[in-house]
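K.L.:
Structure of the sequence below:
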Amino acid sequence: MKNSIKNIFTLLAILTFSLSFAQKIEGVVKTNENIPLEAVNVVVKGTTSNTTTDANGKFTIDTRGKLPLTLLVQYVGYKTAQLEINDLPPAPLQVTLSEENELVEVVVSSRRRIEKVQDVPIAISVITGKQAEQTGAFNVNRIKELVPSVQLYSSNPRNTGINIRSLGSPFGLTNDGIDPGVGFYVDGVYYARPAATTLDFIDVEQIEVLRGPQGSLFGKNTTSGAFNITTRKPSFTSRADFEVSYGNYAFLQAKASVTGALGKKVAGRISFSGTQRDGLIDNVATGRATNSLNNQGIRGQLLWTPSVNTNVILAADITTQRPDGYAQVVAGVAPTKRAAYRQFDAIIKDLNYQLPSLNAFDRKIDHDTPWRSNQDMGGISLNIDTKIGTGTLTSTTAWRFWNWDPSNDRDFTGLQVLAKSQNPTRQTQITQEVRYAGQLTSKISGVVGVFFIDQTSQTDGTEESGNAQWRFAQSSTSALWKTPGLFEGYGIKTDANIRASSAATFGQLDWAITERFHILPGLRYNFDKKDARYSRTTYGGLQTTNAALIALKKSVYSDQAFNSSTDNTDFSGNLTVTYKVSDKINAYGTYAKSYKPVGVNVAGLPTNAAGDPLTDLAVIKPEKVNHYEVGVKTSPFKNSIFNLAFFNTEIKDFQTNVQAAELGVNRGYLANADKVRVRGAELDASFVVNPNLTINAAATYTEGTYVKFTNAPLPLEETGTTVDGVQVAYKDVSGTDLPGVSRWAGSLGGELSDEAKFFGNRGRIFVAVDSYARSEFSSSPSASKYLVVPGYAIFNARLGFRAADGLSIHFWGRNLLNKDYYEQLLPAGGNAGQYAGVIGDQRTYGITLKYSL
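P.N.:
Here you go, the predicted structure:
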């Protein structure tokens with residue numbers, strides 16, 4: 001990776017000095033007291049072109065040949081200045097902002113137009129690219145520490161679920177047969193695979209986290225929220241940024257971005273990000289650390305402005321991950337209801353085996369099956385924005401792919417229970433979205449669009465038993481289980497394919513009944529079709545004609561094949577009413593009827609007593625969502641925001657992932673819970689106490705409950721339960737907690753800064769502290785007293801100097817108190833009783849250097 005970084009830096013440096021300059025507007029923003037203002041938003045009205053001022057109040061913004069134009073200059077606690085520019089100014093503009101009580105917030109584009117976030121009647125959190133960089137939030141897993149309504153659970157990139165308000169993806173292992181409930185968009189392109197959330201951000205401008213259903217604003221239906229990520233666009237003004245970070249555990253991260261004019265109407269940007277780190281868990285069997293980081297990504301963009309009213313952006317990106325990792329550590333052993341000889345401790349005693357440690361936070365494993373979590377993700381997109389009338393017509397066309405090449409040790413031990421567990425996958429998708437957004441009449445604005453996605457996923461998997469499988473699979477005291485070589489090398493080859501297509505029309509209006517009172521109706525029509533093919537074939541093991549031995553082998557793995565095809569249509573929509581009580585208070589209320597498409601099982605199905613698959617479980621019913629929300633966005637005093645939201649979401653036929661005791665059901669299977677409910681409250685607050693001190697806080701209270709779920713899987717400790725001599729497979733868990741739901745979660749941070757010079761460069765010296773905490777939560781589809789993740793809190797800090805141009809430097813530390821905590825707990829395949837933990841990182845620290853020119 002180090003050579004790759006060096007080569008890319010060399011290329012970017014050459015590009016930096018070869019870029020030509022375009023027309024630009026320069027200026028300085030100050031207060032009435034002649035004090036420069038840093039981080040002022042400067043926006044070209046009616047476009048997405050924007051920038052911010054540096055520590056000296058200076059800014060430079062592209063004209064893109066669009067003269068005349070209107071500049072909007074916005075800053076927290078000051079009146080917005082509107083400047084009409086007819087000709088290129090001969091000297092830098094001098095802009096003076098006057099204080100006012102109204103809060104002027106960061107601008108967002110979630111409703112397909114640039115507007116202040118405090119004016120948007122949606123619960124939304126905004127993380128700027130600079131904020132993400134400064135806090136070390138280089139992926140979604142780090143973003144959740146800044147936005148506590150976000151939860152991300154990942155035992156590896158494939159088995160990743162991202163939730164907002166505890167809803168979105170089934171908790172635990174991933175099944176390709178259902179759609180995520182949280183949309184993930186980068187520059188308007190929908191990423192269908194949750195694995196995208198494990199990748200490093202590349203040159204991000206802003207991250208908007210929208211909470212609640214968003215089906216009438218975005219192409220793909222989102223039942224619980226969306227990530228709307230925008231990257232930094234090509235600029236006609238030449239600029240280059242280089243950043244490198246070093247830390248303990250041989251942490252090395254490098255980032256670079258170069259932009260500038262390539263012609264009178266063409267500009268380009270190329271961006272790179274690479275991250276490398278040694279492993280944090282010692283594998284005593286191999287003698288090396290595992291769970292390393294090894295990520296590289298590159299993104300290129302070309303901007304063409306054929307006319308004043310049209311922008312065309314062609315973008316391409318590719319990211320690769322080659323870590324030695326995502327290993328889990330045995331966190332404990334739960335006694336089950338099975339016979340004494342089938343308990344985990346009895347099994348490993350018979351096999352003369354001991355775990356390397358009984359304390360997961362010793363971070364020691366002895367896994368004998370290699371861990372491999374290789375993935376490649378990339379694509380190409382074409383985005384066209386053209387101004388028509390009083391609005392903008394946008395077309396976004398994209399093709400993307402995802403390659404997944406894994407190897408797992410699903411028994412979490414040094415025993416050869418499972419010698420192989422590999423399910424490589426290739427996924428491709430094509431998306432097309434066309435929408436028009438703008439002012440329709442003097443009182444009505446809105447957005448209307450159409451969307452299409454077609455995706456295919458192909459998995460060719462292998463799972464194979466080792467020489468210890470007989471003892472873990474043993475379900476009777478028959479001596480036949482000890483037959484030499486019976487299970488060794490016995491496994492299954494899997495061929496799983498799914499094709500999913502979806503088409504939709506959507507739209508939302510904003511009707512200004514009065515200047516303060518608005519009604520926003522939205523509608524969506526969806527068509528979804530899914531075709532699945534699943535086949536697995538057994539191979540290997542002892543070749544025999546003995547019927548009793550064959551029956552034992554089939555009790556572990558059996559041949560299975562089924563096809564399923566389903567389609568569905570749905571009307572959904574939302575109605576929002578918003579009232580601006582005063583310049584400081586904006587209240588809203590929303591009802592949304594949402595929909596999550598039908599699902600199909602493509603990871604094997606449980607079998608009946610005869611060994612036949614339960615094909616009635618092959619198709620999963622769609623979710624029907626009813627969502628209610630009220631909120632208020634306020635500016636209680638100058639330079640502050642204080643926002644509250646209360647929500648209640650009820651889902652009928654909730655799609656959930658359950659873990660089967662059978663090994664052949666590779667990653668669990670999907671099922672419908674009759675009804676669930678999630679309700680709670682959220683707070684977002686930010687205070688600029690004075691020019692030197694800022695404080696940010698966010699908190700959420702959430703209750704998640706199975707209202708009715710009568711056929712839930714048994715908790716781990718109840719595996720083997722019998723009633724009147726008959727083994728029980730399901731349990732009524734109605735009234736219990738949903739998995740992954742912490743009652744309380746929150747973040748609190750602050751920064752103290754002052755003007756300073758560093759090597760003659762003017763900027764700000766700062767010290768900042770961030771914290772994140774959450775209460776305990778269930779880590780099992782059916783509540784288990786063993787699979788409960790304890791609550792935890794972590795603290796991060798940074799100290800340094802930053803400047804808009806030139807050299808910036810800061811020291812950082814994460815998990816400063818070295819807190820031991822789990823991010824997830826999960827049972828081993830076969831439910832013998834052992835369960836493993838996904839462990840949070842221990843204390844890390846380092847230094848970051850950045851140079852901008």
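
K.L.:
The residue most central in space within the chain in helix, strand or coil?
P.N.:
Among the residues of the chain, the one closest to the centroid is T197, at 3.8 Å (CA atoms, centre = their mean). Look at T197: counting by DSSP: H, G, I helix; E, B strand; the rest coil, its state is helix.

K.L.:
Just give me the neighbour total for the nearest residue to it once chain neighbours are set aside.
P.N.:
Computed as CB to CB, 6 or more residues apart in numbering, the closest residue to T197 that is not its neighbour in sequence is V140, at 4.1 Å. The C-beta positions use only the backbone N, C-alpha and C, and glycine is treated the same way. Other residues lying near V140 total 25 when counted by other CB atoms under 10 Å.

K.L.:
Does V140 touch V209 like I think?
P.N.:
No - contact criterion CB atoms under 8 Å: V140 and V209 do not qualify, at 9.6 Å.

K.L.:
residues shared between the contacts of the two?
P.N.:
Here V140 and V209 have 150, 227 as joint contacts, going by CB atoms under 8 Å, 6 or more residues apart in numbering.

K.L.:
Give the next helix or strand downstream of the helix or strand that contains Y669.
P.N.:
For Y669, the host element (DSSP states H and E) is strand 669-690. On the C-terminal side of strand 669-690, the nearest following helix or strand under DSSP H and E is strand 693-708.

K.L.:
model confidence over the helix or strand just after that following strand, on average?
P.N.:
Next in sequence after strand 693-708, counting helices and strands by DSSP H and E, comes strand 712-713. The average pLDDT for strand 712-713 rounds to 84.

K.L.:
Number of residues surrounding the closest residue to S49 other than its chain neighbours?
P.N.:
What sits nearest to S49 in space, not counting adjacent residues and going by CB to CB, 6+ apart, is D62, at 5.8 Å. Residues contacting D62 under the criterion other CB under 10 Å number 24.

K.L.:
isn't D62 right next to V43, touching?
P.N.:
No - in this structure D62 lies outside contact range of V43 using CB under 8 Å: 11.8 Å.

K.L.:
list residues touching both of those two?
P.N.:
Taking CB under 8 Å, 6+ apart as the criterion, D62 and V43 both touch S49.

K.L.:
And the strands in the stretch 101-250 of the chain?
P.N.:
Remark: strands assigned in the stretch 101-250 of the chain by DSSP state E, counting those that start in this stretch are 107-108, 115-116, 123-128, 150-154, 160-164, 182-186, 189-190, 204-211, 225-231, 239-247.

K.L.:
what's downstream of the last one, the next helix or strand?
P.N.:
Pointing back at strand 239-247 there. Downstream of strand 239-247, the next assigned helix or strand under DSSP H and E is strand 251-261.

K.L.:
does G680 really touch T649, like I thought?
P.N.:
No - the pair G680 / T649 is not scored as a contact, 9.2 Å apart, by CB under 8 Å.

K.L.:
Out of those two, name the residue with the larger neighbour count.
P.N.:
The neighbour comparison of G680 against T649 (other CB under 10 Å) goes to T649, with 24 against 21.

K.L.:
what lines up beside whichever strand or helix holds the more buried one in the sheet?
P.N.:
Counting by DSSP H and E, the element that carries T649 is strand 640-658. Strand 640-658 pairs in its sheet with strand 623-634 (antiparallel), strand 669-690 (antiparallel), by DSSP bridges.

K.L.:
Distance to V434 for those - can I get that in TSV?
P.N.:
Shown next, in TSV, are those (distance: least, CB to CB, whole Å):
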stretch	distance to V434
strand 623-634	26
strand 669-690	32
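
K.L.:
weakest of these by average pLDDT?
P.N.:
Of all the strands paired with strand 640-658, mean pLDDT reaches its minimum on strand 669-690 (a mean of 91).
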